[in-house]
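# sequence unknown, structure follows:
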Ligand SMILES: [Zn+2]
């Protein structure tokens, strides 16, 4: 039995409280977000829980025009490089998808969250990472 240093449930509970939690490797010091069983860089399982700033910069984005259930298209998905280094994926709020342009790249964002209700393929409540321009 492997003890998870940070479960998805804890990660989502953190997001709901406005905290972005991640894992820091005690071997190579790399940060892993969202949580995994081992370090994303060196696969060590010697990890400790850390709280990140939740701030970052948009590196790339895409506009989703055909959405899965419970999502309303169109919406913008961004790949964000957090101030601490890791890259994470989330939805971008506050920007009209039809106005999304290359100008978004390099924009500073902060993280938030959105709770999604149980759906057919995902019986539990879900939490999605949301970014807003700062
Ligand atoms: Zn590592």
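Received the coordinates, thanks. The structure presented is a predicted model; accordingly, all values stated were derived computationally and were not measured. Numbers count the residues shown, from 1 in each chain.
# Helices of this structure, start to end?
Assigned by DSSP state H, the helices in the chain fall at 8-16.
# which residues touch residue 47?
Residues in contact with residue 47, defined by CB atoms under 8 Å, 6 or more residues apart in numbering, are 5-6, 23-26, 32, 38-39. Every residue, glycine included, has its C-beta placed from N, CA and C.
# close enough to count as contact, residue 112 and residue 128?
No: Residue 112 lies out of contact with residue 128 (CB atoms under 8 Å); the separation is 9.6 Å.
# Can you give the domain ranges for this protein?
Taking automatic domain parsing as the reference, the chain has its domains at 8-52, 55-133.
# confidence score at the spatially closest residue to residue 91 that is not a sequence neighbour?
Nearest residue to residue 91, sequence neighbours excluded (CB to CB, 6 or more residues apart in numbering): residue 130, at 5.2 Å. At residue 130 the predicted local confidence, pLDDT, stands at 94.
# Residue 130 bridge partners, please.
residue 91, residue 112 (DSSP bridges).
# Report the contact partners of it.
Taking CB under 8 Å, 6+ apart, one finds 90-93, 111-114 in contact with residue 130.
# Where does confidence bottom out across the residues you listed?
For the contacts of residue 130, the pLDDT minimum is residue 114, 86.
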